[in-house]
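*Asks:* Structure, please.
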Amino acid sequence: MTRRPLALSAALSLLVAVGVLAVATPASAANLLANPGFETGTLSPWSCTGGLGSVVGTPVRSGTKALQGAASSSDNAKCSQTVAVQPNTAYALTGWVRGNYVYLGIDGGASTWTPGAAAFTQLTVNFTTGASQTSVVVYTHGWYGQGTYFADDISLDGPGGTGVPGVPGNPSVGTITNTSIALSWGASSGTVTGYRVYEGTTVRATVTGTSTTVTGLAACSAHTYTVAAYNASGESAKSGGVSATTTGCTTVPPTPTGLAVTGATNTSVSLSWSASSGATGYRVYEGTTQVATGTGTTATVSGLATCSAHAYTVAAYNASGESAKSGAVSATTTGCVNTGLPKHALIGYLHASFANGSGYLRMADVPSSWDIINLAFGEPTSVTSGDIRFRQCPVAECPNVESETDFIAAIRAKQAQGKKVLISIGGANGQVQLTSTAARDTFVSSVSAIIDKYGLNGLDIDFEGHSLYLNAGDGDIRNPTTPVIVNLISALRTLKARYGSGFILTMAPETFFVQLGYQFYGGTCSGCDNRAGSYLPVIYALRNDITVLHVQDYNSGPIMGLDNQYHNMGAADFHIAMTDMLAAGFPVANTGVTFPALREDQIAFGVPAAVSAGGGYTTPAQVQQAVNCLVKNQNCGGYTLRGGTSPDFRGLMTWSINWDRYYNWEFSNSHEPFLNALP
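*Replies:* Got it, this is the predicted structure:
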């Protein structure tokens, strides 16, 4: 139903009469309104309901601007301004209006209107303020369903009022004792009678100057203060707050508990935790880097990359120091691209370019249980050339090798089933050192040629041996300087950009190049192997681009985990400890830098398919015990997960599909149904 003006009602006629006849001579003639003709080009300080007011260049009564109010069937486009006035004083309000049913008046008082003005018409309202009145709200508006109106040159004539003071400057803390906190602040603009110091909504002090000392406080107690100015017209808005803690603290606060992730967006993670007694404030850390601080028990960490993994801790502090950090929680920002992989994948290497004791297996004969098939291997023409070549196994070595046409057709058939086929670069014999930008560029072009020729879904990096190392002094995984590291990162970024978000990028480093970095880092340790931890800067740089990182949990010596105990390959304990390091993140030895946690869906681990495939063979029962611990926190054998459970754990990798076939498919027959049954 459309509301209509009561143009003929007695009540409105009386209101108009009051507006017209209650004439009093203003005490003085000075327009108290700001921006009365809207010549600033903006509405400020006018405000209009429903966002229906605007400044236009035509029609205007004078000058170059006027107000336009687009009244609708549900909003009369009321535009108003608050003005300071004096009590018991006569004022004259005038304005020029145009349109159907345009009103001029003051809130709670007199008003007038015109039912229709084809040209600008002057309206006048005279009124006298009340005995204690210090402000009025002047308005103009149209009427529901009567269309657009215009107003210009609005004037309120009379003496100005005092108005409330401006907001004081934010307080700062002076001398602090066991029982008092001294404060000072910047003076307010306007007429100021005094200042009130607030703690929350409670007034703690009232003074006429710009400083005070709040007394009678408890020792080692935290307080937050704001300040407001006041006069006869009222009180200003409160200043910003300042926090301080009285002295007398004898201990640091306890470690906060209950840290939890409360939300995530593409670029932020929100956290909350329980209060810690005696705390002045809290600091949120990602590794050793402080990323947020505050006095409350919530925080939002912003400016993060889309689909990126993070692990946070929180510590409480007061004047005596900082508590120990809480346990870590992991979070992933939203916006991840769907790679087309199952939640839990089976990943294997296919001996496509050579034969060994396991025999050659044609691509068409690879069972459908394998979700990612890595073609082993693309190798360089020389160690430093960057020129990667891939060939099918020669007939002399593999008598049953298929033709290239059949090989490509079999790849297409796998892809049609939703499987991903990648080219794996490196291996035990394929040393790749991108020591120059020329080698980097050759690497990009030659790998692209392989991907394009066979129509592959992506790339696996299996750099072993001496492919990666760190120059002395290269001690920051976030900013590496060693050419073989820098050039590999650049090359992989270029390939990822070339093929887009659907490009699958996996890596299969040995534990020596990743988890060993917790104890030794090749760029900073004295006398240790300069390859120790050398994959870490590559993983760090590409942490938002890597689809799956499946560390080889085999052919490894004992490695120290986050429990500071050594773990040996071949049992569930090794896989649990090594994988938890990726889910939790860890400090890199002797660098002061933390390797951050990866997303759960990026993490898998690799095991030999059989006893003949490599050192570290683990029985299916032990492998599945490890996965159940990581995914469900069940049967962890006494190990405590530092990275929490990982329900999105990506899956299992093995060397190799050929060896699995040789041993009657023990690996895939055991683990495919197990992975599929995980939540």
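*Asks:* Tell me which residue is most central in this structure.
*Replies:* Ranked by distance to the mean C-alpha position of the chain (CA atoms, centre = their mean), the top residue is S268 at 1.7 Å.
*Asks:* That residue: what's it in contact with?
*Replies:* The neighbours of S268, taking CB atoms under 8 Å, 6 or more residues apart in numbering as the test, are T300, V301, S302, G303, L304, T333. Just so you know, the C-beta spots here come from the backbone N, C-alpha and C atoms, and that holds for glycine as well.
*Asks:* can you check N31 too?
*Replies:* With contacts defined as CB under 8 Å, 6+ apart, N31 is in contact with S155, L156, D157.
*Asks:* And T289, by the same measure?
*Replies:* T594.
*Asks:* what pairs with it across the strands?
*Replies:* In this entry, T289 is beta-bridged to E286, by DSSP bridges.
*Asks:* rewinding a little: of the contacts of N31, which belong to strands?
*Replies:* In strands, judged by DSSP state E, the following of the contacts of N31 are found: S155, L156, D157.
*Asks:* Tell me the bridge partners for the nearest residue to the first one once chain neighbours are set aside.
*Replies:* Nearest residue to S155, sequence neighbours excluded (CB to CB, 6 or more residues apart in numbering): N31, at 4.5 Å. Per DSSP bridges, residues listed as beta-bridge partners of N31: D157.
*Asks:* Can you pull the phi/psi pair for Q515?
*Replies:* Recorded main-chain torsions at Q515 are phi -70, psi -30, according to degrees, to the nearest 10.
*Asks:* Show the contacting residues for it.
*Replies:* For Q515, the set of contacting residues under the criterion of CB under 8 Å, 6+ apart consists of V551, I559, G561, M578, M581.
*Asks:* Please repeat the previous calculation with a cut-off of 10 Å.
*Replies:* If a contact means CB atoms under 10 Å, 6 or more residues apart in numbering, then Q515 has 509, 533, 535-536, 551, 553, 556, 559-562, 567, 577-582, 586, 595 as its contacts.
*Asks:* Can you go through these and name the buried ones?
*Replies:* Neighbour counting with 16 or more other CB atoms under 10 Å marks 509, 533, 535-536, 551, 553, 556, 559-562, 567, 577-582, 586, 595 as buried within these.
*Asks:* Okay, and which of those residues map to helices?
*Replies:* Per DSSP state H, helices hold the following members of the buried ones among the contacts of Q515: L536, A577, M578, T579, D580, M581, L582.
*Asks:* Return the closest of these with respect to A110.
*Replies:* Proximity of these to A110 was ranked by CB to CB; the top entry is L582 with 74.3 Å.
*Asks:* That closest one touches F605, doesn't it?
*Replies:* Yes. With contact taken as CB atoms under 10 Å, L582 and F605 are classed as touching, separated by 8.7 Å.
*Asks:* joint contacts of those two?
*Replies:* Counting by CB under 10 Å, 6+ apart, the contacts common to L582 and F605 are L549, V551.
*Asks:* Not counting sequence-adjacent ones, nearest residue to A413?
*Replies:* Take A413 and drop its neighbours on the chain: the residue closest to it by CB to CB, 6+ apart is A364, 7.0 Å away.
*Asks:* That neighbour in helix, strand or coil?
*Replies:* The three-state assignment at A364 reads helix, by DSSP: H, G, I helix; E, B strand; the rest coil.
*Asks:* Equivalent analysis for the one 5 residues further on, please.
*Replies:* When states are read from three-state DSSP, the local structure at S369 comes out as coil.
*Asks:* Mind pulling up the pLDDT for it?
*Replies:* On pLDDT, S369 comes in at 97.
*Asks:* what's near enough to touch it?
*Replies:* The contact partners of S369, taken as CB under 10 Å, 6+ apart, are 346, 348, 419, 657, 660, 665, 667-669, 671-673, 675-676.
*Asks:* Can you show me the helices along the stretch 551-679 of the chain?
*Replies:* Listed in chain order, the helices of the stretch 551-679 of the chain (DSSP state H, counting those that start in this stretch) span 572-584, 620-632, 657-662, 666-677.
*Asks:* Distance to T40 and mean pLDDT added to the ones you listed, as CSV?
*Replies:* Converted to CSV, the helices of the stretch 551-679 of the chain look like this (distance: least, CB to CB, whole Å; pLDDT from 0 to 100):
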stretch, distance to T40, mean pLDDT
helix 572-584, 57, 97
helix 620-632, 63, 98
helix 657-662, 74, 98
helix 666-677, 67, 97
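*Asks:* what's the closest of these to A610?
*Replies:* Comparing those under CB to CB, the one sitting nearest is helix 657-662, at 4.9 Å.
*Asks:* and that closest one, what other elements does it pack with?
*Replies:* Packing partners of helix 657-662 (3 or more CB pairs under 10 Å, 6 or more residues apart in numbering; DSSP states H and E): strand 345-351, strand 372-380, helix 666-677.
*Asks:* Include mean neighbour count and distance to C249 when you put the ones you listed into TSV, please.
*Replies:* Shown next, in TSV, are the helices and strands packed on helix 657-662 (neighbours: other CB atoms under 10 Å; distance: least, CB to CB, whole Å):
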stretch	mean neighbour count	distance to C249
strand 345-351	24	53
strand 372-380	25	56
helix 666-677	17	53
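*Asks:* shaky segments in this protein?
*Replies:* Of all residues in the chain, those with pLDDT under 70 make up the ranges 1-29.
*Asks:* Are we agreed that R61 is in a strand?
*Replies:* No. Counting by three-state DSSP, R61 is not part of a strand but coil.
*Asks:* Residue numbering should commence at 39 henceforth.
*Replies:* From this message on, residue numbering opens at 39, which makes the last subject R99.
*Asks:* So it versus L142, what's the distance?
*Replies:* The spacing between R99 and L142, counted by CB to CB, to the nearest Å, is 13 Å.
*Asks:* So for those two, which residues contact both of them?
*Replies:* With contacts defined as CB under 10 Å, 6+ apart, the residues shared by R99 and L142 are G133, W134, V135, Q160, A189.
*Asks:* And for D113, the neighbour number?
*Replies:* Here the neighbour count serves as a burial measure; for D113 (other CB atoms under 10 Å) it reads 17.
*Asks:* count of residues packed around the nearest residue to it once chain neighbours are set aside?
*Replies:* Leaving aside its chain neighbours, D113 sits nearest to G88 (4.0 Å; criterion: CB to CB, 6+ apart). Other residues lying near G88 total 14 when counted by other CB under 10 Å.
*Asks:* Ok, the one 4 residues further on next?
*Replies:* As a burial measure, S92 scores 17 neighbours (other CB under 10 Å).
*Asks:* same question, M401
*Replies:* Here the count is done by other CB under 10 Å, and M401 has 22 residues near it.
*Asks:* Of the helices and strands packed on helix 695-700, which is nearest L472?
*Replies:* Comparison of the helices and strands packed on helix 695-700 against L472 by CB to CB identifies strand 410-418 as nearest, at 9.4 Å.
*Asks:* And the helix or strand following the closest one, how far out from the chain middle?
*Replies:* As assigned by DSSP states H and E, the chain's next helix or strand after strand 410-418 is strand 426-427. Between the centre of strand 426-427 and the centre of its chain there are 39 Å (CA atoms, centre = their mean, to the nearest Å).
*Asks:* List the buried residues in the following helix or strand past strand 426-427.
*Replies:* In the C-terminal direction, the helix or strand that comes right after strand 426-427 (DSSP H and E) is helix 442-454. Along helix 442-454, these residues count as buried under the neighbour rule (16+ other CB under 10 Å): F445, A448, I449, K452, Q453.
*Asks:* Show me what helix 442-454 is packed against.
*Replies:* Judged by 3+ CB pairs under 10 Å, 6+ apart, helix 442-454 is in contact with strand 410-418, strand 458-465, helix 475-492.
*Asks:* can you put those in JSON lines and add distance to R637?
*Replies:* JSON lines is the format used below for the helices and strands packed on helix 442-454 (distance: least, CB to CB, whole Å):
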{"stretch": "strand 410-418", "distance to R637": "17"}
{"stretch": "strand 458-465", "distance to R637": "18"}
{"stretch": "helix 475-492", "distance to R637": "24"}
